[in-house]
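A.B. asks: only geometry, no sequence info:
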């Protein structure tokens, strides 16, 4: 009998599911330039990270990530400049 994706999910812990979601929603280095200012993508990334911290009993870290997510959604924060394109000593 072949296991379905749903069957596999039933065996995962809540923390494992949250970590998988955070990994899925995280912005990879190769996607950084394309998504660095994408507010929905950044809010999803931060919200998923907040859930992981909350499940790990780290409420202060969770709250910091939720504030970041909120900032992306309410436009109170913006992406920092790319560190590889910033001021470099020549």
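C.D. replies: Right, received. Where do you want to start? Every value quoted in this text rests on a predicted model; they were computed, and no experiment measured them.
A.B. asks: got a list of contacts for stretch 35-44?
C.D. replies: 25, 27, 68, 69, 70, 72, 73, 75, 78, 79, 82 (CB atoms under 8 Å, 6 or more residues apart in numbering). For the C-beta atoms, the positions are set from N, CA and C on the backbone; glycine is no exception.
A.B. asks: ok, residue 15 touching residue 54?
C.D. replies: No - with contacts counted by CB atoms under 8 Å, residue 15 stays clear of residue 54, the gap being 9.9 Å.
A.B. asks: neighbour count for those two, which is higher?
C.D. replies: Shown here are residue 15 and residue 54; by other CB atoms under 10 Å, residue 54 has more neighbours (17 against 13).
A.B. asks: one step back: out of the contacts of stretch 35-44, who has the most neighbours?
C.D. replies: The contacts of stretch 35-44, ranked by neighbours (other CB under 10 Å): first place residue 72, 23 neighbours.
A.B. asks: for it, what is the enclosing helix or strand?
C.D. replies: Assigned by DSSP states H and E, residue 72 belongs to helix 59-74.
A.B. asks: buried residues, stretch 57-66. List them.
C.D. replies: By 16 or more other CB atoms under 10 Å, the buried positions in stretch 57-66 come out as 62, 65, 66.
A.B. asks: hang on, I meant stretch 17-24
C.D. replies: Within stretch 17-24, the residues scored as buried using 16+ other CB under 10 Å are 18, 19, 21, 22.
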